[in-house]
Each structure stands twice: as structure tokens, then as C-alpha cells.
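K.L.:
next one to model:
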Amino acid sequence: MLDMAILGLLQENPMHGYELRKELATKLGTIRAAISYGTLYPTLKRLQAAGWITESEADPSMIPPMTSKRGRVIYKITAEGKERFAELLAQAGPETYDDAGFGVHFAFFARTDQATRLRILEGRRRRIEERREGLRDVLSRAGERLDAYTLELQRHGLDACEREVRWLEELITNERSGRAPETPGTLNTPQTPRPHEDRP
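P.N.:
Numbering: from 1, shown residues only. Now for the predicted structure:
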């Protein structure tokens, strides 16, 4: 899935490795936020060996002093890389229903055809419904044997599954009717008060 994410991001713009890592965290959120350079650079080398990306030196006048060799390298997608990305984008098998696979595919849904989006969403819904039923089964059979914290964790997992199933059903309904999700605007997230802000 990392291959697909890198190729998709490089299709948007050529980037340095550190920019790629930052964009992966931004685009994919918590799914891939913890990608290390120890994972990223070997993947970039492998994609290069496959002929899907190339590297070139950045304009020397744009490089800050004391920048390492890695910091001077810019990665670009090739024509073959664009073809490979299109192939990966068209996949809608079981690997696209799992957490990481779904997250990466969903991040690039704007470039995916409607039929593929629908297959992935329906597959993901089935996967989460199975997970939900498993949690319900655990709670009904072993609920009385679990301590309060383990029980609360299982309930939390069940709540998350139920929320995701509702969200997926809404997305599926929108896809079937040809309605796209709302245009992105300002994300309305509640502010967490900081302890020092309450002090006089």
C-alpha cells in the first residue's frame, strides 16, 4: 500500500523524501503517520529499481547550506509509474477492505472510477460488519467474565464499528445516486482547552 501512496503523491508533484513523509502523514492521517525514513527510503529505492520513479538533484541555488545528499534529491514519477498507479487504483480486492488498504485507496478516491469506489466501499462495509458481529458475540458470551476495563474497550470497538458502518452506508448511497461528498471546507473540530488558559 505504501507503493500506491508514494506513486499517487508523486503524480501530484515531484518531492524530496522528507516532503513525501510529511505528505503521507497529511494525506493518510493516522493510518500511515508513523512512517519512518527506514521504511520510506528502501521503498523509494525499490520503486526506482522498478522504473516507476526517478531521482534528480534539486536546483543548487534552492538548497539550504549543510543539506545532506538525501535532502538534495527530488523524486519524480515516470510514465511507467503512472501506469502502475492506475493499475493499483483499479484494484478492488480483499486487501482494499482492510484498515491500511482501505485508507490508502480512500485517500485517492477522487481519481478512482465510481464502480471501483463502490466495490471497495461495499467490501469495507462487509468487513466492518463481520468485525462488529465478532465483537457482539464476545460481549454476549464473555461479557460477564471480562473486567470493567476490557468490557469498556470491547464496547468502544463495537461503537466504532457501528459508526463506521453508518458512514459507509451513507457513502454507498451517495455513490449509487451519483452524489459526491460535500466540498471540503474548514474542518470544524472542537478545541481542547489548555490547562494554563483557565488560570487568572
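
K.L.:
pLDDT below threshold where in the protein?
P.N.:
30-34, 58-71, 143, 183-200 (pLDDT under 70).

K.L.:
please enumerate the strands of it.
P.N.:
53-57, 73-77 (DSSP state E).

K.L.:
against which helices or strands is the first one packed?
P.N.:
Packing contacts for strand 53-57, counted by 3 or more CB pairs under 8 Å, 6 or more residues apart in numbering; DSSP states H and E, involve helix 2-12, helix 37-49, strand 73-77. All C-beta atoms are positioned from the backbone trio N, CA, C, and that covers glycine.

K.L.:
could you save the strands of the chain as TSV and add columns showing mean neighbour count and distance to I35?
P.N.:
Converted to TSV, these look like this (neighbours: other CB atoms under 10 Å; distance: least, CB to CB, whole Å):
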stretch	mean neighbour count	distance to I35
strand 53-57	15	16
strand 73-77	19	15
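
K.L.:
any chance of those in CSV, with distance to E129 too?
P.N.:
Converted to CSV, the strands of the chain look like this (distance: least, CB to CB, whole Å):
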stretch, distance to E129
strand 53-57, 38
strand 73-77, 36
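
K.L.:
so which of the ones you listed is nearest N174?
P.N.:
strand 73-77 (30.1 Å; CB to CB).

K.L.:
quick check: angle from that closest one to helix 37-49?
P.N.:
50 degrees (axes from the mean of the first three to the mean of the last three CA atoms, to 10 degrees).

K.L.:
list the helices and strands strand 73-77 packs on?
P.N.:
The helices and strands touching strand 73-77, judged by 3+ CB pairs under 8 Å, 6+ apart, are helix 2-12, helix 17-28, strand 53-57.
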